[in-house]
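Student: predicted structure and sequence below. I'll ask about it afterward.
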Amino acid sequence: MQKLKGQSALVTGASSGIGKAIAIELGRAGAQVIVNYHSSEDGAKDTVKEIEAAGGKAIAIKADVSKEDQVQRMFKQMFEAFGTIDILINNSGLQKDAPFLEMSLDDWQKVIDINLTGQFLCAREAAREFVRRGVVKERSVAAGKIICISSVHEVIPWAGHVNYAASKGGIMLFMKSIAQELAPLKIRVNSIAPGAIKTPINNEAWETKEAEKKLLELIPYGRVGETLDVAKAAVWLASDESDYIHGVSLLIDGGMALYPGFADNG
């Protein structure tokens, strides 16, 4: 059953990992998908091919989401191709880790620019189109849906990764603040906050049995997440089945945010 048939979606950072999985699942659910990428054109083309192989429609568009002119150009290209937008998946993100005392301003700024400012720029352009078009009931009961991809580190501090954790904590209140503001306009805004998910960015944490065993000490449910765990949730949040869910951070983390170190009184 194609829950998103006839709708148009943009997934930022969709050339690999969580973004790629979400783009593919949106395509399988009937949406036509813009696959955004910054550097990996081959990865973006692979995502497009997988969507098309499943009978969907997709186009890859290069843009740096931290640059206003590139974001606006990407949306213009999307509207030329698909007419409008119904779903935005704000997924682009990166890590540039360093101990706090050694972190450079460039490393701080780059992560904030991509992870947080990029979400602002894309959400603003999407919301402007949602307001212009309004609700089209044949497409969705909402004027539009914005899903911000955050992290379990929007609530769990992470020493050695202060730029990343700060960006994700910022996403949490960014999401809630625009959700509060946009609700009367029938625009739904939510976040997904993944925990440990098997992606290329963190393969060192799970690629060996020893590494995975250590990682599982942080996950009460006893397994490391898969990108499909996040992708299926994103499709549901983008569908009318979740129409009354608004301003929520959905943690997909196997219980990591339960602070398992305190399970035996700490």
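Tutor: Sure thing, it's come through.
Student: need the pLDDT of G266.
Tutor: At G266, the model reports a pLDDT of 69.
Student: let me fix that, I meant to ask about D86.
Tutor: Looking at D86, its pLDDT is 98.
Student: report whether W108 is found in a strand, as I expect.
Tutor: No: applying DSSP: H, G, I helix; E, B strand; the rest coil, one finds W108 to be helix, outside a strand.
Student: got the contact list for it?
Tutor: V162, N163 (Cβ atoms under 8 Å, 6 or more residues apart in numbering). C-beta here means a position set from N, CA and C on the backbone, and glycine is covered the same way.
Student: distance of it relative to N115?
Tutor: W108 sits at a distance of 11 Å from N115 (criterion: Cβ to Cβ, to the nearest Å).
Student: residues contacting C122?
Tutor: Taking Cβ under 8 Å, 6+ apart as the criterion, C122 is in contact with L10, T12, V65, V71, L88, N90.
Student: mind running it again at 6 Å?
Tutor: Residues in contact with C122 (Cβ atoms under 6 Å, 6 or more residues apart in numbering) are T12, V65, V71, N90.
Student: surely the third one and A123 touch.
Tutor: So the one you mean is V71. No: using Cβ atoms under 6 Å, V71 is not in contact with A123, being 10.1 Å away.
Student: what about L218, how many residues close to it?
Tutor: Other residues lying near L218 total 21 when counted by other Cβ atoms under 10 Å.
Student: pLDDT value on it, please?
Tutor: So, for L218, pLDDT stands at 95.
Student: sorry, back to before: turn the contacts of C122 into TSV, including secondary structure and distance to E212.
Tutor: Formatted as TSV, the contacts of C122 follow (DSSP: H, G, I helix; E, B strand; the rest coil; distance: Cβ to Cβ, whole Å):
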residue	secondary structure	distance to E212
T12	coil	29
V65	coil	32
V71	helix	37
N90	strand	29
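Student: pick out the most distant pair among those residues.
Tutor: Taking Cβ to Cβ as the measure, the contacts of C122 span a maximum distance of 11.1 Å, between V71 and N90.
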